[in-house]
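Undergrad: Model the structure of this input:
(2 chains)
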There are 2 protein chains.
Amino acid sequence: MDIGNPRWWGWGTLDATYSLEGRLGFWPKLHEWLDLPDDTPEQETPPVALEDITLPASRLDESGFESLRRLLGEEAVVTDKQARIQHAYGKSYRDLVRIRAGHIPNPPDAVVYPEDEAEIAALLSWAAEHAVTVIPFGGGSSVLGGVEPPTGERPTLTLEMAKLNRVLSVDPESLTARVQAGATGPGIEAQLHEHGLTLGHFPQSFEFSTLGGWIATRAAGQNSIGYGKIEDMTQAVRMVSPAGIIETKDVPASATGPSVRELVVGSEGIFGVITEATMRVHPRPELQDYRGILLHSFEEGIAAFRELMQCKDLRLSIVRLSDAPETAGYAALAHEHHGLRRLFDSLAQLYVRAHRHDLDGGSALMVLGFDGDRQWIPRQWELALEICREHGGLLLGRAIGRSWKRDRFTQPYLRDTLLDRSILVDTLETATSWSNLVQLHTALARSLKAAIASNGGGPGYVMNHVSHAYEQGASLYATFLGRQIPTSDPLAKQAQWEGIKGAATDAILSSGGTLSHHHGIGRDHAPWLKGEIGQTGIDALRALKLALDPTGTMNPGILLPA
Amino acid sequence: MDIGNPRWWGWGTLDATYSLEGRLGFWPKLHEWLDLPDDTPEQETPPVALEDITLPASRLDESGFESLRRLLGEEAVVTDKQARIQHAYGKSYRDLVRIRAGHIPNPPDAVVYPEDEAEIAALLSWAAEHAVTVIPFGGGSSVLGGVEPPTGERPTLTLEMAKLNRVLSVDPESLTARVQAGATGPGIEAQLHEHGLTLGHFPQSFEFSTLGGWIATRAAGQNSIGYGKIEDMTQAVRMVSPAGIIETKDVPASATGPSVRELVVGSEGIFGVITEATMRVHPRPELQDYRGILLHSFEEGIAAFRELMQCKDLRLSIVRLSDAPETAGYAALAHEHHGLRRLFDSLAQLYVRAHRHDLDGGSALMVLGFDGDRQWIPRQWELALEICREHGGLLLGRAIGRSWKRDRFTQPYLRDTLLDRSILVDTLETATSWSNLVQLHTALARSLKAAIASNGGGPGYVMNHVSHAYEQGASLYATFLGRQIPTSDPLAKQAQWEGIKGAATDAILSSGGTLSHHHGIGRDHAPWLKGEIGQTGIDALRALKLALDPTGTMNPGILLPA
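TA: Modelled structure (predicted):
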């Protein structure tokens, strides 16, 4: 997708930010937690200027460009510097460290904008014939290197899906909609709202990611408890592969052999380009009612969470349970108020303490909520609160729900602010069964803390939340911070991060977690995929790759280990 | 599986039957509908006696048998006549026509009973080395030729899963259970009941089918609305393929590339042998409360059904809507009573007519029900009945629900009775979106009627029901009857059936239905698979087959078209 005024070296757009105004506790807490040197605010490491970046010359020769332009039209082949830079990386910590330093040795040679599926098919034939690599690109928000060109002599094109951005048709009776893969979150919702419908998929990247990207990576939105993961929403899918078109049938279920739809979902561009899908949609809810609840401990919170998920009368839209460090992190990010509001804040603190809770010392914050109509929601709350109270839950009201909703898409901007201050910050995620969740949480937090320290990151700060839950288990999502090693070398910073990421990934796999619940594999997780699906599983996927992309045109180096 | 006193030429066991006692309207109605000759009752065509059947000699030589017995043990290799006959076919109409005539030119050369996964792996290596075909066999209830040996010179073993029949472990906190693939419906439920749990999978074949068979064919139980299709229940799966073991991770969800689990599910034995799975289970419900409701027409019933499925407060366990011919079929199968009960029957008929319904002339019977506890169920009924009443639904009470439940597993026995009387009877099924359902129903019924007539079956009788529903659509299940052509040649009878089945399958695909919602592909649907998943989809599955079973050992001729 193309956005106006892009923050090419970070998240989103240059006119948006995560404002720290009034959040007076944030920097002091961070200094304490990360043991930052006192002079940190002066140690700013801003991104380089665009004009100071030099890109390598294009590997595609002029006759190649000419035939490409004949194929797609003059304006559909873009080679300017900013376009190549914006499509060189995704949005992982590793990506931002490199792009901020201007380290871009390997951008795509051009960015192409096909108009429709026929042009995509023609492009893939052209690419196979000319030994050119093609990388499908939706919103480019991959945090696992999923859109990064491979190194080597072979020319690489990034295939922008921006022009395939429409809801093609809606079946209101069957509650489905045919949507083109390049449509973004806001674009899809706006078009569905005209029919009184919603897809209900709201990942943190919502504003800047696309349907095709979600399907290709098995994404989960923040309301996945209510609306399902993207694979649950995808009724049928269409993909142009070098070997031909794969289209699955628009039916609610079938028994016609191994699921071809489930081969396309999660394929991360290595089999072909997802062009459209028939999505399961829902009447747009009248109301979203999200509230905060405080539990005495993370373990008690998990017990309540499990019961909420296994209660068959509840249709929650969202539940998120933060562990004690993340709860303290929220507290550190709270706004400080003045006058009457300050008095209310103090009263609220007294109320919390009177119930033996402490936002900053062991209690676990849960945000939960319902999407529905005014009659239905109060009855659901009654049930949910009954369960929470049985586990000692303290209702904090709607303000916390509102503030979470307000900030839900803006947190990635805060990462840019932290990178400005030489702070290492990243997230990772997994999922496991309820019975294994506490053990996995302990192992993951311990491994992250140890790895931050042993990789020169200082004491580090590790916080987790549980979300995206099921009757059988849930996802665990970690955010970790540490000090960047003092160097201007982006590759040294990358190596520091790799040490931490590798240790955490080993810990996840050896503790019964999945390699990823919703970020995908990309380049970064590929070496661990064997630990998830075994050598025979890898061999099966390789055979599929060879059948669908015999010339190795599509997104090489992604998903399958080298 | 091995059952006591098997009815080797038909369904189930010789000591069970579908009793027509007291169902006085049945034969007269059938005579009328099928335009049967008056002397039909005398035209009985019983199955041949076991001793009159001659089987071909085994294609495996004595040294082959010797090494096989060394591998698995003496008693695990069974070659007696009845065992070979019982494993020669599934339970389709085509199968019964042939087995009843003693036409068994191609039984397996032996039936083998491995004890565990290691023996299965050893057997597959042995088979690859000795150029022997292996057919995994669970309950053998396939109605699409899924366990039928291929023709040719190559020896064939049927791999009986009967000894892998245990629930290995239960995780009550995460609501999952690890179950061996050879466990039958009753075996699984009995073992789970010890933990207060249920799997909730009750296909018509429940008594005689196995977990591995369900997973391999993407089965759906009668309560799939409440508990999901088998693929929704299967959290993780383990398969021994000739190329190695595939095991997917026991996690509730993941984003680790194309779903390897969804490659194994539906693989119908062509990639390997499913040995166990981690299944999603549920607390056993206190109560099952099923009732009948009468709608003025099938179309009105579909409107009500759709609303029931799209109501987010309802958690139905089962809904089945019969069209007018099937409703009349149920009426024809009703017991006639005497004395006081006869009076009640008459009053019930008056009640039905007073509401302008007619069981025998256009009204559509819906059976719906809930699994849950005594407090919860009445609140659910209130909501469900409100929706049904808005569509003119007339509540018939629990007697119909009870009688449906009583007969739910016995109807296949009635097929044997009809075959005794030279009546052709078969079922087929599909699924589509709500908006396409009426159109598909019309096209399917019309094509079946026409094909029965043009294949010498007389006027025929075609009845349908809708079940296995989703927010987006539902499955459509047809039962059709006609006169068998007057011949003792089973292959001529098979050809008659093929004419009808082929026309109906063409009609389903050209009307937007799926090739199968829960029976699978087997041999019979394989020629149509391209119409479902396209040539590129077929090529992808072929590549997988070659990677996982390079010597072509596993169940050849199944699933993939020749």
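
Undergrad: alpha carbons only for contacts and neighbour counts from here, please
TA: Fine.

Undergrad: Now do the buried residues in the lowest-mean-pLDDT helix or strand in chain A.
TA: None of the helices or strands of chain A scores lower by mean pLDDT, DSSP states H and E than helix A:339-354, at a mean of 79. By 16 or more other CA atoms under 10 Å in any protein chain shown, the buried positions in helix A:339-354 come out as A:Val352.

Undergrad: and the next element down the chain from it?
TA: As assigned by DSSP states H and E, the chain's next helix or strand after helix A:339-354 is strand A:364-372.

Undergrad: name the helices or strands packed onto that following strand?
TA: Counting contacts by 3 or more CA pairs under 8 Å, 6 or more residues apart in numbering or on different chains; DSSP states H and E, the secondary-structure elements packed against strand A:364-372 are strand A:287-295, helix A:298-310, strand A:318-322, helix A:324-332, helix A:376-390, helix A:398-407.

Undergrad: Ok, which of these comes nearest B:Thr54?
TA: helix A:298-310 (56.2 Å; CA to CA).

Undergrad: which residues are in contact with that closest one?
TA: Residues lying outside helix A:298-310 but in contact with it, judged by CA atoms under 8 Å, 6 or more residues apart in numbering or on different chains, are A:295, A:314, A:319, A:321-324, A:362-364, A:366, A:384, A:387-388, A:391, A:434, A:438, A:469-471, A:473.

Undergrad: Put the buried members of those residues into a PyMOL selection.
TA: Selecting in PyMOL just the buried members of those, where the criterion is 16+ other CA under 10 Å, is done with this command:
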select buried, chain A and resi 295+314+319+321+322+323+324+362+363+364+366+384+387+388+391+434+438+469+470+471+473
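
Undergrad: ok so, going back, worst mean pLDDT among the helices and strands packed on strand A:364-372?
TA: Set side by side, the helices and strands packed on strand A:364-372 differ in mean pLDDT, and helix A:398-407 is lowest with a mean of 87.

Undergrad: Over to stretch A:102-122 now: how far is its first residue from its last?
TA: Its first and final residues considered, stretch A:102-122 spans 34 Å by CA to CA, to the nearest Å.

Undergrad: Could you do stretch A:175-183 as well?
TA: Terminal-residue distance, stretch A:175-183 (CA to CA): 19 Å.

Undergrad: Just give the closest residue to A:Tyr470, not the sequence neighbours.
TA: Once flanking residues are discounted, A:Tyr470 sits nearest to A:Met309: 6.1 Å by CA to CA, 6 or more residues apart in numbering or on different chains.

Undergrad: Look up how far chain B lies from the one you found.
TA: A:Met309 sits at a distance of 11 Å from chain B (criterion: CA to the nearest CA, to the nearest Å).

Undergrad: That residue: how many residues sit nearby?
TA: Neighbour count of A:Met309, defined by other CA atoms under 10 Å in any protein chain shown: 21.

Undergrad: how much space between it and B:Leu175?
TA: From A:Met309 across to B:Leu175, the span is 11 Å (CA to CA).

Undergrad: Now for those two: what residues contact both?
TA: What both A:Met309 and B:Leu175 touch, as defined by CA under 8 Å, 6+ apart, is the set A:Glu471.

Undergrad: Pretty sure A:Met239 sits against A:Gly272.
TA: Yes: using CA atoms under 8 Å, A:Met239 is in contact with A:Gly272, at 6.2 Å.

Undergrad: Just want to know which of the two has more residues nearby.
TA: The residue with the greater number of neighbours, taking A:Met239 and A:Gly272 and applying other CA under 10 Å, is A:Gly272; the counts read 31 against 25.
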